[in-house]
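>>> Next comes the sequence, and after it the predicted model I'd like to discuss.
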Amino acid sequence: MNLGKIPRNKKIGHQCVIQLSNDWSKKRNEIGGYTQQEAFVYQTFYQAIDVKNYPMVLSIDQSPVSCGLGIQVGNYLGIFDIRTKTEFQRQGYASILVQALCKHAAHYGARYAQLHVAQDNIAAIQMYHQLGFQTICDYWFRKSA
């Protein structure tokens, strides 16, 4: 997606706060409901990132609702691990968060954004298309154990 074409946020029913988060991995675990081992693995990966990164959390009434990670290399923003609490899904929060990540990275020189989404995640694919992302290829890089 070309970051020069970021759409405006839609209005939603709640007042929310989006901010960079020093304890992103903890809030990510609270939102995603991961096991202790999964949380440890993600925290280890996250701590090893040594390029510009933007761990963002969207909160309502100081409670984390949605989170995601932006990693910027040069003009490119990679968007990773967008998560929304089940009871808040399909209400626009992930879209608002992705837009915030894109705008933040654009402020720091990113011109393009890319992400990966599972082919069977139709709701996410529709959301990303509404934001201006286009499908450029289909593949699956994980295998069942």
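Arrived safely, thanks for sending. Numbering: from 1, shown residues only.
>>> Which other helices and strands does the strand of greatest length in the chain contact?
Using DSSP state E to define each element, the chain has its longest strand at strand 63-73. For strand 63-73, the packing partners by 3 or more CB pairs under 8 Å, 6 or more residues apart in numbering; DSSP states H and E come out as helix 24-32, strand 52-60, strand 76-84, helix 93-107. Just so you know, the C-beta spots here come from the backbone N, C-alpha and C atoms, and that holds for glycine as well.
>>> do you know which of those lies nearest V17?
Ranking the helices and strands packed on strand 63-73 by proximity to V17 (CB to CB) places strand 52-60 first, at 5.1 Å.
>>> Pull up the pairing partners for the closest one, direction included.
Note on strand 52-60: by DSSP bridges, its sheet partners are strand 17-20 (antiparallel), strand 63-73 (antiparallel).
>>> what comes up buried for the last one?
Read it as strand 63-73. 64-72 (16 or more other CB atoms under 10 Å).
>>> Tabulate these (a markdown table), appending pLDDT.
Shown next, in a markdown table, are the buried residues of strand 63-73 (pLDDT from 0 to 100):
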| residue | pLDDT |
| --- | --- |
| P64 | 92 |
| V65 | 93 |
| S66 | 94 |
| C67 | 93 |
| G68 | 92 |
| L69 | 92 |
| G70 | 94 |
| I71 | 94 |
| Q72 | 96 |
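>>> Just flag the most distant two among these.
Counting by CB to CB, the most remote pair of those is V65 and Q72, 23.8 Å apart.
>>> quick one: contacts of stretch 46-58?
Contacting residues not belonging to stretch 46-58 are listed as 16-22, 24-25, 27, 64-73, 93, 96-97, 100-101, 104-105, 108 [CB atoms under 8 Å, 6 or more residues apart in numbering].
>>> where in this protein is pLDDT low?
8-16, 139-145 (pLDDT under 70).
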